[in-house]
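1. sequence below, structure please.
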Amino acid sequence: MTQNVKTMEVEKQEVTATEDTERTRDCRCFVPRADIYEVDDQIVIVADVPGADENSIEVTLEKNILTINAYVEPVAPEGYSLAFAEYEIGDYQRSFRLSNEIDRDKIQATVKDGVLRLYLPKAASALTRKISVKAG
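-> Below is the predicted model:
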């Protein structure tokens, strides 16, 4: 049996300023890569936010928009000077539009080793239910 896999491509890695927003931090801001999984009773979003921890991540829900903001401070080992860098440090920002099928009061988030997991439980009206068939 083949699995139906949906892929979303993120075209830009760096967030560009729009007319109604402007950054106040002097650093780059990246769109974190994310995988979205759907299981019977919830949707799980797994986003990469290297360098961020539970104290530097904000997850907000306003109207139907779930927004991730992660703030990363550069850390340099003491007594060393940087000779070459391939990895850029910056903040992360990404938004997701939620449907009415998500129970907004039960959304949870965890972070471990730079990986943020958002658990979006489906509303009772969106869950699959078995309908009995009667003769007659």
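2. in a helix, Asp105, correct?
-> Yes - counting by DSSP: H, G, I helix; E, B strand; the rest coil, Asp105 is found in a helix.
3. quick one: neighbours of it, just the number.
-> Asp105 has 8 neighbouring residues, counting by other CB atoms under 10 Å. For the C-beta atoms, the positions are set from N, CA and C on the backbone; glycine is no exception.
4. mind telling me what element the residue sitting nearest the centre point of the chain is part of?
-> The residue lying closest to the centre of the chain (CA atoms, centre = their mean) is Ala47, at 4.6 Å. Per DSSP states H and E, Ala47 falls inside strand 42-48.
5. now do whichever helix or strand comes after that strand against strand 42-48, angle only.
-> Downstream of strand 42-48, the first helix or strand assigned by DSSP H and E is strand 57-62. Interaxial angle of strand 57-62 relative to strand 42-48 (axes from the mean of the first three to the mean of the last three CA atoms, to 10 degrees): 140 degrees.
6. off-centre distance for the next helix or strand after strand 57-62?
-> In the C-terminal direction, the helix or strand that comes right after strand 57-62 (DSSP H and E) is strand 65-70. Strand 65-70 sits 7 Å away from the centroid of its parent chain (CA atoms, centre = their mean, to the nearest Å).
7. which helices and strands sit right next to the very next helix or strand once past strand 65-70?
-> Scanning forward in sequence from strand 65-70 by DSSP H and E, the next helix or strand is strand 90-97. Of the remaining helices and strands, those touching strand 90-97 by 3 or more CB pairs under 8 Å, 6 or more residues apart in numbering; DSSP states H and E are strand 28-30, strand 42-48, strand 65-70.
8. still on that earlier bit, just checking: what are the partner strands of the strand holding Ala47?
-> Its sheet considered, strand 42-48 pairs with strand 34-38 (antiparallel), strand 115-121 (antiparallel) by DSSP bridges.
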